[in-house]
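> My questions are about this predicted structure, shown below with the sequence.
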Amino acid sequence: MTEDRAARPLRIAVVGVGPRGLSVLERVVSHTQGAGRPVELVLVEPGELGSGVHPAKQPDYLLLNTIASQLTIYSDEQMVPGAPVTTGPDFLAWCGRQGVPAAFDDFLPRRLLAEYLQWAAEDLLGRLPERLTVRHVATAARTVEPSGGASGGAAVTLADGTRLDVDLAVVTTGHGLAAPQAPPSAGDLIDAPYPLPDQVEGVPAGATVALLGTGLTAMDVIAALTVGRGGEFTDEGYAPSGREPRIVLANRTGWLPRARPTTTRERRAAPAAHLTREAVARLRERTGDGRLDFRRDIEPLVRSEALGRLAGATPEEVAAVERQLSSHHGGPERCATYEDYARQLRERAREDLAEARRGLGTSRVKEALEVLRDHREGLRAALDPPGLTEESHRYFMGAYTALVNRTVIGPQKERIDELLRLMDAGVVVPGPGPDPALERAEGGGWTLASTLLDTPHSLHVDLVVRANLAWPAADPESDPVADSLRAWAALGPGGSLRLDRDGFAVPREGHPPAPRAVAVFGPPAEGASYYNHYVPSPHVWSRALTDLDRVLGPVLGRVPAVGSPRGEQQATQ
């Protein structure tokens, strides 16, 4: 007998309930206040609700890379103008309630965010509107696909074979791995650095270990191998415990990422003057198919936006900004000798650290480069359908996102200061110049050899840790949901899912044009959109929550305000 859909509750499944899935719960709670059709929300999550890749059991030296005041799981009128909200304490306020001393700009331990997210999940589940029921299915999903047929809907198949038929499936599987990463693939190669410190516990004291990458992941590994082994930073520098290995840094550019600058509670970015949605839309009108060339069309807007913040700057400051914004062009720099390279690395890091300490609003260099964060919505607009040309999309998701990451999504300034102290103590040493070659050495271990030094230089290392994490590839075992989506959804440049502007997966050619019933958000949507896997910030317009409202609002009987206010460019994540 066919089920009468209109006579039963509206069914929505959330597949993967980390931070983004928790935001779905918050938006459904907000939209179901008052009368209307009953709603059944099914949360498919094998682990703790909310925490995702932020386990509560991790050491305190593993820090968040977002300041405490810029994180919340609740909503307010500024975040989603014109849409319903569910208010609650942001992360900083919650820390205060727990007796955790925290300033607005502190980078707190990640375990605290995990505890906050788990607390928020319980809080939201205790505040359900009368017409909303929620069921937690504590297992993993295997497949998500349209149900087929004129009635629409989606089918979610669980690991035990159970099939859930729903009206809407929202995939928010985060980094999506169904099981922990495999152990190191060889005794002297650690492919997966997380979870820490477990993955590096076998690194012997006194061994020489090469880190491939110098970004946020590398900083975590360094912390685990130093303060995690009893070392201590003091006023005089770094006091080793004697259990540390010798750490060699190696990456493609050869230089350290730029440190996060000091900010103030009151700081709000001025509205964009060049890198705007309107400017992107005008550029699209000049092309045959609406697709843009990022280098030709968008990079000049970024440059104009950055240089517009340099009124009164010295020629050296202007040159520093222009050099950074074009540092991905032409490949890594050459250096004369290893000693010259190591000296330059320290000098550049110290100069940047001084600018970071001066902070936003004072350092013209940092303020100019911050446009890459302040006006990220302009970059998202360039990627939104119809997006970029295929070649340009590969360039943006590869070279340009790497530039953004090392420019404004780098380590805290405290981490860079610690790294310089570790170099002074001889615990950390630079690798042999930019883009070194890595080969297995005769007799065991590895050789790192220079490729861009005029005078060749090489270093022998005992172990290698890959600290430059690549986006997880879809594979039936480790990420079955993403693999199942690719079985029926169209793929875009670089193998990313093709999504429409509202976040619904587009069926591939040859598959029936099913009603929009499977929406994808967070890391699985990366590539179809840009930098969409963050926890929202309070009191500023939220692209993340607005995008969820584009999907949930109409289904739940509301037509949300899907535009964005002028203040959208003040979003800080």
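The structure has been received and is ready for your questions. Bear in mind the structure is a predicted one, so any value in this text is a computation, not a measurement. Numbering: from 1, shown residues only.

> CA only for contacts and neighbour counts going forward, please
Will do.

> Kindly list the main-chain dihedrals of V200?
The phi/psi pair for V200 (degrees, to the nearest 10) reads phi -110, psi 10.

> Please tell me how far it sits from A56.
19 Å (C-alpha to C-alpha, to the nearest Å).

> Tally up the residues packed near G50, please.
29 (other C-alpha atoms under 10 Å).

> Tell me who's in contact with it.
17-22, 114, 117-118, 120-121 (C-alpha atoms under 8 Å, 6 or more residues apart in numbering).

> Same question for G557.
G36.

> Per-residue pLDDT of it, please?
Looking at G557, its pLDDT is 81.

> Verify the assumption that it is located in a strand.
No - counting by DSSP: H, G, I helix; E, B strand; the rest coil, G557 is not part of a strand but coil.

> what's the distance between it and T262?
For G557 relative to T262 (C-alpha to C-alpha), the value is 44 Å.

> repeat for V15
37 Å.

> In terms of neighbours, single out the busier of the two.
It is V15, of V15 and T262, that has more neighbours when counted by other C-alpha under 10 Å, with 29 against 18.

> tell me which strands and helices the host helix or strand of D417 is in contact with?
D417 is part of helix 413-424 when elements are defined by DSSP states H and E. On a contact count with 3 or more C-alpha pairs under 8 Å, 6 or more residues apart in numbering; DSSP states H and E, helix 413-424 meets strand 237-239, helix 338-358, strand 428-430.

> what does the second one rub up against?
Contacting residues not belonging to helix 338-358 are listed as 254-256, 258-262, 335, 363, 365-366, 413, 416-417, 420, 430, 432-433, 453, 455-457 [C-alpha under 8 Å, 6+ apart].

> List the beta-bridge partners for the closest residue to D384 other than its chain neighbours.
Nearest-residue entry for D384: S529, 6.0 Å, with adjacent residues in sequence omitted and distances by C-alpha to C-alpha, 6 or more residues apart in numbering. Under DSSP bridges, the beta-bridge partners of S529 are E526.

> Might you report the residue contacts of I12?
Contacts of I12 by C-alpha under 8 Å, 6+ apart are 39-42, 166-170.

> Swap in 7 Å and give it another go.
Taking C-alpha atoms under 7 Å, 6 or more residues apart in numbering, we find I12 in contact with 40-42, 166-169.

> are any of those buried, and which?
40-42, 166-169 (16 or more other C-alpha atoms under 10 Å).

> quick one: which of these is nearest to P195?
V42 (28.7 Å; C-alpha to C-alpha).

> Pull the contacting residues for that closest one.
12-14, 134-137.

> cutoff 10 Å now
11-15, 25, 133-137, 164, 166, 169 (C-alpha atoms under 10 Å, 6 or more residues apart in numbering).

> could you dump these to a markdown table with pLDDT?
Formatted as a markdown table, the contacts of V42 follow (pLDDT from 0 to 100):
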| residue | pLDDT |
| --- | --- |
| R11 | 97 |
| I12 | 97 |
| A13 | 98 |
| V14 | 97 |
| V15 | 97 |
| L25 | 98 |
| T133 | 97 |
| V134 | 98 |
| R135 | 97 |
| H136 | 97 |
| V137 | 97 |
| L164 | 96 |
| V166 | 96 |
| A169 | 97 |
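
> and R11, backbone torsions?
Torsion angles, degrees, to the nearest 10, at R11: phi -110, psi 130.

> hang on, isn't it packed against L168?
Yes - counting by C-alpha atoms under 10 Å, R11 does reach L168; the two are 6.8 Å apart.

> And what about V209, helix, strand or coil?
strand.

> Next, the contact list for it, please.
188-189, 203, 245-249, 428, 445-446, 460-465.

> Put together JSON lines for the contacts of V42, with secondary structure and distance to G553 on each row.
Listed next are those as JSON lines, based on DSSP: H, G, I helix; E, B strand; the rest coil; distance: C-alpha to C-alpha, whole Å:
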{"residue": "R11", "secondary structure": "strand", "distance to G553": "14"}
{"residue": "I12", "secondary structure": "strand", "distance to G553": "12"}
{"residue": "A13", "secondary structure": "strand", "distance to G553": "15"}
{"residue": "V14", "secondary structure": "strand", "distance to G553": "15"}
{"residue": "V15", "secondary structure": "strand", "distance to G553": "18"}
{"residue": "L25", "secondary structure": "helix", "distance to G553": "13"}
{"residue": "T133", "secondary structure": "strand", "distance to G553": "17"}
{"residue": "V134", "secondary structure": "strand", "distance to G553": "18"}
{"residue": "R135", "secondary structure": "strand", "distance to G553": "20"}
{"residue": "H136", "secondary structure": "strand", "distance to G553": "22"}
{"residue": "V137", "secondary structure": "strand", "distance to G553": "24"}
{"residue": "L164", "secondary structure": "strand", "distance to G553": "22"}
{"residue": "V166", "secondary structure": "strand", "distance to G553": "16"}
{"residue": "A169", "secondary structure": "strand", "distance to G553": "14"}
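
> Just the buried residues out of the residues you listed, in ChimeraX syntax.
Selection of buried members from those for ChimeraX, criterion 16+ other C-alpha under 10 Å:
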select :11,12,13,14,15,25,133,134,137,164,166,169
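
> Not counting sequence-adjacent ones, nearest residue to S458?
Nearest to S458 is A449, by C-alpha to C-alpha, 6+ apart, at 4.2 Å.

> Sorry, slip of the keys, the one I care about is R265.
In space, R265 is closest to F104, 6.9 Å off (C-alpha to C-alpha, 6+ apart).

> ditto for L216
P411 (5.7 Å).

> and that neighbour, how far is that from G96?
25 Å.

> any idea which of the contacts of I12 is the one closest to R373?
For these, the nearest to R373 is A169 (30.8 Å; C-alpha to C-alpha).

> What are the boundaries of the strands in the stretch 451-573 of the chain?
Secondary structure of the stretch 451-573 of the chain (DSSP state E, counting those that start in this stretch): strands located at 458-461, 463-466, 518-520.

> winner for burial among those?
Sort the strands of the stretch 451-573 of the chain by mean neighbour count, taking mean count of other C-alpha atoms under 10 Å, and strand 518-520 sits at the top with a mean of 26.

> what residues does it touch?
Contacts of strand 518-520 (C-alpha under 10 Å, 6+ apart): 13-15, 144-147, 153-156, 166-173, 482, 485, 489, 497-500, 502-506, 525-526, 528, 548, 551-552.

> what do you get for stretch 100-113?
So stretch 100-113 is contacted by 19, 50-51, 53-72, 91-96, 116-119, 262-265, 412, 414 (C-alpha under 10 Å, 6+ apart).

> buried set for it?
Neighbour-count burial for stretch 100-113 [16+ other C-alpha under 10 Å]: 102, 105-113.

> now stretch 344-363, how far from the centre of its chain.
What separates the centre of stretch 344-363 from the centre of its chain is 24 Å, taken as C-alpha atoms, centre = their mean, to the nearest Å.

> I'd like the numbering to begin with 24 instead of 1 from here.
From this message on, residue numbering opens at 24, which makes the last subject stretch 367-386.

> Now do it, average pLDDT.
When pLDDT is averaged over stretch 367-386, the result is 96.

> these two touch, right, D243 and L234?
No - assessed by C-alpha under 10 Å, D243 is found out of contact with L234, at 11.0 Å.

> what is in contact with those two at once?
Going by C-alpha under 10 Å, 6+ apart, residues that sit against D243 and also against L234 are A490.

> just checking, what packs against the lowest-mean-pLDDT helix or strand in the chain?
Of all helical and strand segments in the chain, the minimum by mean pLDDT, DSSP states H and E falls on helix 503-511, at a mean of 91. Helices and strands touching helix 503-511, by 3 or more C-alpha pairs under 10 Å, 6 or more residues apart in numbering; DSSP states H and E, are strand 164-169, strand 177-181, strand 191-194, strand 541-543.
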